[in-house]
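model the following, please.
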Amino acid sequence: MVSFCFTGGAMAIKSTVFKAELQVNDLDRHYYQTHALTLARHPSETDERMMIRLLAFALNADPQLAFGGDVGTQDEPSLWCKDLTGAIRSWIEVGLPEPRLLRKAAGRSDTVMVYAYGRAADLWWNEHRNLLSPIDALAIWKIPTTTSLALAALARRSMQLQCLVQDGDATFSDGATSVTVERVELKPAR
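Got it, this is the predicted structure:
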């Protein structure tokens with residue numbers, strides 16, 4: 001369901017709301033929790049990007065982890081984890097962010113992570129590698145297109161998903177379909 005909002009004679013399309021019950025079993029971090037999540041998918045956002053955001057949540061699950069602002073919001077990441085004082089522990093971006101944004105994020109957060117995806121991910125990395133490599137707190141993974149599209153196929157307005165993480169590998173499942181999550185480490189944090 002897409003809702004419309006009329007403002008000053010112009011019509012704006014509102015975000016579509018998705019609900020996900022995400023069970024995370026992270027054997028590597030000994031984290032076992034079920035999260036009831038609400039994802040607002042901006043009209044310009046694809047199922048593929050939304051599901052990469054959900055994957056990033058599962059791989060970094062924490063009681064303090066939250067989704068950031070709308071697509072294109074410069075002051076907020078795709079996801080972030082703040083401590084009880086409001087200090088940013090983790091800044092997580094999905095897609096192909098500008099290097100200046102990542103440098104700024106590294107100055108505001110303990111760790112910065114990028115989950116790059118799409119056909120342009122390799123081109124983006126090759127273009128920005130020299131600017132991004134010196135950022136110690138930055139870790140970058142590429143999600144291959146076959147994986148991101150398989151995750152997108154799991155998208156539903158109401159989802160019940162499980163994510164198993166073991167030995168750095170992850171599997172996403174909706175009970176009927178399982179997706180083995182491939183991620184290629186482009187740059188480790190130091």
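
quick check, central residue of the chain?
With distances taken as Cα atoms, centre = their mean, the residue of the chain nearest its centroid is residue 53 (2.6 Å).

dump the residue contacts of it.
Neighbouring residues of residue 53 by Cβ atoms under 8 Å, 6 or more residues apart in numbering: 39, 67, 78-79, 94. Using the backbone N, CA and C atoms, a C-beta is placed for each residue, glycine as well.

okay, and which of the residues you listed map to strands?
39, 67, 79, 94 (DSSP state E).

tally of neighbours for the residue nearest to the last one when sequence neighbours are not counted?
Using Cβ to Cβ, 6 or more residues apart in numbering and skipping the chain neighbours, the partner closest in space to residue 94 is residue 78 (4.2 Å). Here the neighbour count serves as a burial measure; for residue 78 (other Cβ atoms under 10 Å) it reads 23.

and for residue 160?
14.

pretty sure it contacts residue 174?
Yes. When contacts are counted by Cβ atoms under 8 Å, residue 160 is listed as touching residue 174 (6.6 Å).

shaky segments in the chain?
1-12, 70-74 (pLDDT under 70).

residue 14 and residue 48: what is the separation?
Per Cβ to Cβ, to the nearest Å, residue 14 is found 20 Å from residue 48.

what about the two, which has more around it?
A count of neighbours by other Cβ under 10 Å puts residue 48 above the other of residue 14 and residue 48, at 20 against 12.

still on that earlier bit, got the phi/psi numbers for the residue nearest to the centre of the chain?
phi -60, psi -40 (degrees, to the nearest 10).

picking that back up, so which of the ones in strands among the contacts of residue 53 is the most crowded?
residue 94 (27 neighbours).

who's in contact with that residue?
49, 52-53, 56, 78-79, 114-115, 117.

same question for residue 50.
Per Cβ under 8 Å, 6+ apart, neighbours of residue 50: 18, 39, 41, 155.

so the last one, which state does it fall into?
Reduced to three states with DSSP: H, G, I helix; E, B strand; the rest coil, the structure at residue 155 is coil.

same check on the first one?
Secondary structure state of residue 18, per three-state DSSP, is strand.

contacts only, for the nearest residue to it once chain neighbours are set aside.
Nearest-residue entry for residue 18: residue 39, 4.4 Å, with adjacent residues in sequence omitted and distances by Cβ to Cβ, 6+ apart. Taking Cβ under 8 Å, 6+ apart, we find residue 39 in contact with 17-20, 50, 53-54, 67.
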